[in-house]
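Engineer: Mind folding the following:
(one chain, ligands or ions: 1)
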Amino acid sequence: CFSLVRNRLREIVGASTNWSDHQQAMAERVSLSSMLAKSQNDLPAKRMKDSYLEVHLPLGSEPQLREKYLTFHNTVRFGRILEDLDSLAVLISYSHTYNAALKRSPLSIVTALVDKIDMRQHIIYPDCDIKFTGHVTWVGKTSIEAKMHMSQVHTLTSYAPVLDATFVMVARDPENKRAAFVNPLKPEGPEDEKLLQEGEANKSRRVDLSTASLLKVAPTDEERKIVHSLFLNTLDTKTVSFRSRVLPPNSVWMEDAKLKGLEICHPQERNIFNRIFGGFLMRKAYELGWANACSFGGCRPSLVAVDDILFQKPVEIGSLLLLSSQVCYTQGKYIQVRVHSEVFDPLSRQHNTTNVFHFTFTSDRDVPNIIPNTYGESMLYLDGKRHFNQTVEN
Ligand SMILES: CCCCCCCCCC(=O)SCCNC(=O)CCNC(=O)[C@H](O)C(C)(C)COP(=O)(O)OP(=O)(O)OC[C@H]1O[C@@H](n2cnc3c(N)ncnc32)[C@H](O)[C@@H]1OP(=O)(O)O
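Structural biologist: Residues are numbered from 1 along each chain as shown. Model prediction:
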């Protein structure tokens, strides 16, 4: 199960088991720099099956393990699943880059992006065994795409699919300062070819999306019309002024659909490179986003999809992490939530964004419409709509 996965990762990089030893463990890793490949061609190509892993989570047969995964509502804590997926993606990447001649890997492999998690089933049972499988499906020069599938036993013999996940991992030098080359990938047969092509298409889509970001360019014509009609809908028919705005029926201002939280980043949550574990950040962001969607919709929401979780900067141990969740788009029963996390330095009072998370939830009834008031909120709304369309309508 996953404690074995994490122990194996500690062995691969030679991570400290006690915080007091972490500086020495890091110093030992620095000496591995000379083992890094000078070019990608110096590394042997690997097959997809070289990185294939299967991990079982025996929730059905191990009641003690179940406690860690259980929600009050007798379902599985999805935040824990996010942590497991993250650890698995890292181990898959180390399996791809494995070099039998080395005792320890000189690579620091970090999570750069959770491209997508599609839920195939809303309920995850806390008392049935779970199986995770996955392997590398595409590589760049220093980045790796890993696809994972999770399924759960229903009858005694058959597994039913629960979710499909795509992560992008990036290889860095032992000090996590510079990018480092990863082994090329050699497809074998038409199935591998197809996965590789999808990986290539994913890479182009990510580039297109980031160039079209609303933080860089103006919204499209169609999006501008949406924003304007939202604005017209909020005008007060009595005064007809640009300034007096009224909330339409069955609606909530974006300003009133936020939830915030704070995490103090203790050594216990560190990853193998002595930064905060990406899975932990995802769990915390997911739980805050879920609570926000729950309070907004007035009932317990189910997760439909996770997309485009970007890990922009590592979070150092000891940081104060401010998490801010916002309902940014709604449609019928759906609630799109964005969680932004930033590190706050109380001494310099500086803020630095570390992550942005996008979650799509569904409620058991229609939810109120979320309405932007300012221009900035309108852009958040459009960004939420883009994410929603990408995950739900396609
Ligand atoms: C206790 C046991 C726990 C065991 C579990 C261990 C888990 C360990 C995993 C983690 O927890 S990692 C922690 C969470 N992740 C982070 O903290 C990463 C924070 N982000 C960063 O450090 C940088 O943003 C990152 C290294 C990911 C990228 O930095 P740069 O943008 O400067 O990288 P660069 O420009 O050099 O590009 C390097 C590669 O990354 C790719 N890349 C960068 N950002 C990307 C992105 N957003 N999407 C896709 N690819 C991306 C880029 O295309 C390129 O690939 P190719 O060489 O193959 O072309």
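Engineer: what's across from the closest residue to residue 57 other than its chain neighbours in the sheet?
Structural biologist: In space, residue 57 comes closest to residue 130 once its chain neighbours are excluded; the distance is 4.1 Å by CB to CB, 6 or more residues apart in numbering. (Each C-beta comes from the backbone N, C-alpha and C, glycine too.) Counting by DSSP bridges, residue 130 is bridged to residue 57, residue 152.
Engineer: surely residue 130 meets residue 161?
Structural biologist: No. Checked against CB atoms under 8 Å, the pair residue 130 and residue 161 is beyond contact range at 11.4 Å.
Engineer: Lowest mean pLDDT among the helices and strands of the protein, which one is it?
Structural biologist: Taking mean pLDDT, DSSP states H and E as the measure, the chain has helix 22-30 as its least confident helix or strand, at a mean of 83.
Engineer: which residue does the stretch 101-250 of the chain bring closest to the ligand?
Structural biologist: residue 140 (2.2 Å; CB to the nearest ligand atom).
Engineer: could you check the distance from the residue in the stretch 251-394 of the chain that the ligand sits nearest to over to residue 239?
Structural biologist: Of all residues in the stretch 251-394 of the chain, residue 278 sits closest to the ligand, at 3.1 Å by CB to the nearest ligand atom. In this view, residue 278 and residue 239 are 50 Å apart by CB to CB, to the nearest Å.
Engineer: how about the helix or strand containing residue 339 as CSV, C-alpha atoms only?
Structural biologist: For residue 339, the element it lies in under DSSP states H and E is strand 334-345. Extracted in CSV, the C-alpha atoms of strand 334-345 (Å, rounded to 0.1, in the frame of the first residue of the first chain):
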residue,chain,number,x,y,z
TYR,A,334,-22.6,22.5,-11.1
ILE,A,335,-20.3,24.5,-9.0
GLN,A,336,-16.8,25.5,-10.2
VAL,A,337,-14.4,26.3,-7.4
ARG,A,338,-10.9,27.9,-7.6
VAL,A,339,-8.5,27.6,-4.7
HIS,A,340,-5.5,29.9,-4.7
SER,A,341,-2.7,29.3,-2.3
GLU,A,342,0.1,31.7,-1.4
VAL,A,343,3.0,31.8,1.1
PHE,A,344,2.9,34.8,3.4
ASP,A,345,6.1,36.0,5.1
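Engineer: What residues sit buried inside that strand?
Structural biologist: Using 16 or more other CB atoms under 10 Å as the test for burial, strand 334-345 gives 334, 335, 336, 337, 338, 339, 340, 341, 342, 343.
Engineer: Output the longest helix belonging to the protein.
Structural biologist: Determined from DSSP state H, the single longest helix within the chain is helix 189-211.
Engineer: Which strands or helices does that helix pack on?
Structural biologist: Judged by 3 or more CB pairs under 8 Å, 6 or more residues apart in numbering; DSSP states H and E, helix 189-211 is in contact with strand 108-119, strand 130-139, strand 143-153.
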